[in-house]
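Asker: Output the structure for:
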Amino acid sequence: MKKEAGILKALCMCMLLVLLGSVPAWGWGTDIPIWTGGYINAFDVDYDKDTGTMYVAFQVSGESSVRIYSSTDHGYTWEWVADTITHCTSGDNNRSGLKKIRMIYDDDTGKFYFFYVDNDGYLCVNYHYLTGTAYAKRVSTAPILEESFEVTRNLENGRIFVYYLEGTSTGDRTWVRYTDDGETWHTSLSGASWAEQGRWISIAYGPPNNIFRAFSYDTSSTPDFEIAFKASTDNGGSWQSMVRITDNDLFDYNPIVVAANKDNSGVWVVYGGAIPFSGGLSVFSRYSADGGQSWSGETSVVSEEAAISAVSVYLSDVKPFKIKPNGYIDLVYTVLTSNNDIRAYWAWTHTSDPDTWHAHTRFNDQKIRIGRGLTFDDNGPKIVYSPPETGGGVVFSYYNEGGLYFDAPWNNLTTPSTSTLTVTVDGSGSVVSSPSGINCSNNDPSTSRTCSYDFTVGTTVTLTATPIDGTLPDGTPYTSYFAGWAGACSGNDPTCEITIDSESPITVTAHFVYLIPPAYVVPLPSEPTVFNYPQTEVPSISPDPSECRPIGVGDVPGGTLNIQVHLPQFEGPVDVYLAVYAPHIDPDNVYIVRSDLGIQPASEGLVPWKSNVSAEVDESLFGEIPTDALPPGTYYLGVAVTPAGGDLSVYYLWITYFVII
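Answerer: Sure, this is the predicted structure:
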């Protein structure tokens with residue numbers, strides 16, 4: 001019932017915002033770049049609780065080592081400090097394409113532990129000092145599911161735990177292993193229970209000697225997964241019976257367990273779950289004040305503001321604070337909106353009011369990677385603290401550009417004003433911007449594609465349009481041509497320069513037309529010839545002039561007039577004349593359409609619409625016109641073709657009409 005109540009509450013809030021015209025704003029400061037050289041495979045974060053130094057470990061796409069960056073000024077600047085290896089057996093090579101990295105920083109020794117899966121599928125750990133000393137060894141005794149490992153550390157005695165699934169894609173065996181000296185690994189749990197075959201697992205430490213696990217498990221029904229919990233109160237020596245966290249007819253997944261840094265205090269399980277009736281996903285939590293023996297009811301984590309725009313919501317990260325005692329927990333979730341934006345929200349709770357999540361600050365300046373969810377992507381936002389600053393900061397990766405960025409509650413850098421530039425490619429072609437941001441390509445001449453990017457106010461953006469030749473679905477090749485700009489750009493020069501001088505949105509359309517090499521040419525007229533044909537929606541051409549229907553008028557019965565002229569290629573250059581006659585409006589005059597699409601009475605002289613034409617003509621005139629804007633009556637349209645040069649004694653003249661009722 002709480003899930004249903006949350007939906008109704010969000011809907012009411014949505015209506016209220018519409019009535020009040022409220023536009024929610026996001027906060028913190030400008031996203032601070034950590035590394036912006038391209039896409040990354042995976043990353044993780046940790047920090048020194050004594051100095052506030054923050055660390056990020058990440059692997060760049062196409063590379064095989066892991067880079068380590070740090071910030072000693074609470075995230076305002078970042079620099080490279082070391083690289084570490086990604087293999088743990090002698091003679092093996094570093095591994096590129098890591099799907100997951102986990103990092104633990106030992107504040108007492110300055111030692112890093114980096115966990116990853118090697119080329120043979122084994123879970124490995126690197127022991128690394130920033131002085132450059134590094135060595136590695138295997139933790140698992142067999143290959144594991146790469147997305148299925150998590151780590152935690154007992155902050156009292158330094159014991160490190162790893163939790164992973166080995167074997168097949170459904171998990172062959174469940175393992176929890178630990179080390180006290182960083183050298184020797186012992187087994188806390190090794191089992192093949194059916195109840196722990198899901199790939200979503202989590203492990204967390206709670207003082208003084210509690211280890212908590214949350215995991216998805218297969219209920220052998222539809223939907224497939226629910227969430228369960230197990231606890232060890234003796235530092236991994238033994239495990240209590242499983243407690244079921246969810247028990248419903250909905251799909252629940254991606255649990256993260258987290259404990260307050262206070263002796264025998266609260267523990268939360270936060271997880272993703274399906275929303276009844278909507279088909280979307282959201283984030284929920286349950287809290288236990290007694291180490292998992294009893295639990296509060298299910299609570300929706302997501303704010304009303306975020307829920308209004310959400311198609312689905314995904315849990316990204318939840319973390320406690322290392323400094324003891326502390327009852328605060330920080331959380332990040334991402335929201336996929338109906339317009340395909342991805343927003344990130346930061347929230348917090350405390351053991352004093354554990355079922356209420358506060359703040360819900362949207363902090364990302366651009367669309368970001370979702371991260372944890374149905375795809376096991378390890379590039380979602382991750383929380384990192386920086387004592388003595390209050391609250392946790394967040395490291396995240398942009399959706400389109402990759403890289404890594406940082407923001408935090410204490411970040412006071414001002415976010416620059418931006419304007420959204422929206423470019424539509426109409427037809428087969430591409431538009432690329434300088435500076436980068438717009439790279440919009442469409443290779444279907446019958447459709448259009450729209451792309452957007454937020455540029456900083458004051459930026460001068462150059463757009464370049466390039467036609468793309470191709471082949472129609474029936475195999476016919478075509479040649480594409482740039483036909484001109486509309487919106488904030490004009491003319492037919494393929495390059496357009498725009499200065500972003502305000503936050504107002506800007507729209508630009510690049511029009512492309514295509515031509516098919518003619519399969520035939522039509523003889524030039526040798527005598528006056530007139531062809532009459534009835535109203536037709538779309539023009540058509542033929543090798544026989546009498547079969548041509550060169551003027552189409554669109555869906556007039558449906559309420560839209562769209563005059564299109566399509567003429568074949570002739571054996572020689574021709575002049576083309578267009579005429580309009582509306583006897584119910586002006587019975588005394590036939591009007592000629594000029595090249596500028598203006599009209600004049602034929603009595604003032606015959607002027608060609610197009611002169612010296614040697615190729616096929618296929619154009620739409622005047623755009624779409626609502627028929628209810630025209631007076632009722634019969635309208636006559638004519639198109640005449642004469643040999644170029646003004647010889648009006650011989651011609652083809654096609655006459656058609658349309659009726660406005």
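
Asker: tell me the mean pLDDT over stretch 148-164?
Answerer: Taken as a whole, stretch 148-164 carries a mean pLDDT of 94.

Asker: end-to-end on it?
Answerer: Using CA to CA, to the nearest Å, the end-to-end distance of stretch 148-164 comes out at 5 Å.

Asker: ok now do the residue lying closest to Met242 once chain neighbours are set aside, which residues does it touch?
Answerer: In this structure, Met242 finds its nearest non-sequential neighbour in Ala228, 5.0 Å apart by CB to CB, 6 or more residues apart in numbering. All C-beta spots, glycine's among them, are computed from the backbone N, C-alpha and C. With contact set as CB atoms under 8 Å, 6 or more residues apart in numbering, Ala228 has these partners: 195-196, 214-217, 242-245.

Asker: change it to 7 Å
Answerer: Residues counted as contacts of Ala228 (CB atoms under 7 Å, 6 or more residues apart in numbering) are 195, 215, 217, 242-245.

Asker: Narrow those to those in strands?
Answerer: When strands are assigned by DSSP state E, the members of the contacts of Ala228 inside them are 215, 217, 243-244.

Asker: Of the residues you listed - the most surrounded one?
Answerer: Using other CB atoms under 10 Å as the neighbour definition, the ones in strands among the contacts of Ala228 reach their maximum at Phe215, which records 31 neighbours.

Asker: Enumerate the beta-bridge partners assigned to it.
Answerer: On the basis of DSSP bridges, Phe215 takes part in beta bridges with Ile201, Ala228.

Asker: Could you check how far it is from Thr179?
Answerer: Remark: distance between Phe215 and Thr179 (CB to CB, to the nearest Å) = 22 Å.

Asker: again, but for Thr459
Answerer: Here the criterion is CB to CB. By it, Thr459 lies 52 Å from Thr179.

Asker: likewise Asp108?
Answerer: Computed with CB to CB, the distance linking Asp108 and Thr179 is 15 Å.

Asker: The two - which one has more neighbours?
Answerer: Applying other CB under 10 Å to Asp108 and Thr179 shows that Thr179 carries more neighbours, namely 18 against 8.

Asker: Correct me if wrong: the more buried one contacts Gly158.
Answerer: No - with contacts counted by CB atoms under 7 Å, Thr179 stays clear of Gly158, the gap being 9.3 Å.

Asker: quick one: contacts for Ile655?
Answerer: Residues near Ile655 by CB under 7 Å, 6+ apart: 530, 532, 636, 638.

Asker: what residues does stretch 493-509 touch?
Answerer: By CB under 7 Å, 6+ apart, stretch 493-509 touches 417-424, 426, 455-466, 482, 485-489.

Asker: Asp355 reaches Ser296, doesn't it?
Answerer: Yes - between Asp355 and Ser296 there is a contact at 5.5 Å, judged by CB under 7 Å.

Asker: Now do the shared contacts for the two.
Answerer: With contacts defined as CB under 7 Å, 6+ apart, the residues shared by Asp355 and Ser296 are Tyr287.

Asker: how about Ser546, secondary structure?
Answerer: Remark: Ser546 carries the secondary structure label helix [criterion: DSSP: H, G, I helix; E, B strand; the rest coil].

Asker: Am I right that it is in contact with Phe531?
Answerer: Yes - counting by CB under 7 Å, a contact exists between Ser546 and Phe531, whose distance comes to 5.6 Å.

Asker: quick one: which of those two has more around it?
Answerer: Under the criterion of other CB under 10 Å, the comparison of Ser546 against Phe531 puts Phe531 first, with 15 against 10.

Asker: chain center to the host helix or strand of Lys137, what's the gap?
Answerer: In this structure, Lys137 sits in strand 134-138 according to DSSP states H and E. From the chain centre to the centre of strand 134-138 is a distance of 37 Å (CA atoms, centre = their mean, to the nearest Å).

Asker: Follow the chain on from it and name the next helix or strand.
Answerer: Next along the chain after strand 134-138, taking DSSP H and E as the criterion, comes strand 150-153.

Asker: what separates Gly327 from Thr351, distance-wise?
Answerer: Plainly put, Gly327 is 4 Å away from Thr351 if you go by CB to CB.

Asker: what is in contact with the two at once?
Answerer: Between them, Gly327 and Thr351 share the contacting residues 260, 262, 265, judged by CB under 7 Å, 6+ apart.

Asker: which of the residues you listed lies closest to Pro626?
Answerer: Using CB to CB, Ala260 is the member of those that lies nearest Pro626, at 64.8 Å.

Asker: ok, back up a step: would you convert the shared contacts of Gly327 and Thr351 into CSV that also reports neighbour count?
Answerer: Rendered in CSV, the data for those read as follows (neighbours: other CB atoms under 10 Å):
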residue, neighbour count
Ala260, 26
Lys262, 16
Ser265, 20
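
Asker: Closest one of those to Thr642?
Answerer: The shortest separation between Thr642 and any of these is 89.3 Å, and it belongs to Ala260 (by CB to CB).

Asker: Pull up the per-residue confidence for that closest one.
Answerer: Reported pLDDT at Ala260 in the predicted model: 94.

Asker: and it, what does it touch?
Answerer: If a contact means CB under 7 Å, 6+ apart, then Ala260 has 266, 320, 326-327, 329, 351 as its contacts.

Asker: One more: Asp317?
Answerer: Taking CB under 7 Å, 6+ apart as the criterion, Asp317 is in contact with 332, 381-383.

Asker: for Glu150, same thing?
Answerer: Counting by CB under 7 Å, 6+ apart, Glu150 has contacts 102, 163, 201-203.

Asker: Ignoring the adjacent residues along the chain, who's closest to Leu613?
Answerer: No, residue 613 isn't Leu; it's Val. Closest residue to Val613 apart from its sequence neighbours, by CB to CB, 6+ apart: Val574 at 5.4 Å.

Asker: ok, now Ser140?
Answerer: By the measure of CB to CB, 6+ apart, the closest residue to Ser140 outside its immediate chain neighbours is Leu123, 3.9 Å from it.

Asker: How about Thr471?
Answerer: Taking CB to CB, 6+ apart as the measure, Thr471 lies nearest to Pro477, with 5.2 Å between them; neighbours along the chain are not counted.

Asker: Low-confidence bits of the chain, can you list those?
Answerer: Applying pLDDT under 70 to the predicted model, the residue ranges of the chain that meet it are 1-26, 132-134, 168-171, 192-198, 219-224, 276-279, 372-376, 414-415, 518-519.

Asker: Could I get the full set of helices for it?
Answerer: The residue ranges that make up the helices of the chain, judged by DSSP state H, are 2-20, 304-309.

Asker: number of nearby residues for the residue nearest to Ser140?
Answerer: As a burial measure, Leu123 scores 29 neighbours (other CB under 10 Å).

Asker: I'd guessed it sits against Phe149; true?
Answerer: Yes - with contacts defined as CB under 7 Å, Leu123 counts as touching Phe149 at a distance of 5.6 Å.

Asker: Show the contacting residues for the closest residue to Tyr39 other than its chain neighbours.
Answerer: What sits nearest to Tyr39 in space, not counting adjacent residues and going by CB to CB, 6+ apart, is Gly402, at 3.6 Å. With contact set as CB under 7 Å, 6+ apart, Gly402 has these partners: 38-40.

Asker: By neighbour count, sort out the buried ones in those residues.
Answerer: Burial by neighbour count, 16 or more other CB atoms under 10 Å: within the contacts of Gly402 this picks out Ile40.

Asker: could you redo the contacts of Gly402 as JSON lines and give each row distance to Phe622?
Answerer: Output for the contacts of Gly402, formatted as JSON lines (distance: CB to CB, whole Å):
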{"residue": "Gly38", "distance to Phe622": "47"}
{"residue": "Tyr39", "distance to Phe622": "47"}
{"residue": "Ile40", "distance to Phe622": "51"}
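
Asker: what residues are shared contacts of Thr179 and Gly158?
Answerer: Common neighbours of Thr179 and Gly158 (criterion: CB under 7 Å, 6+ apart): none identified.

Asker: Appreciated, that's everything.
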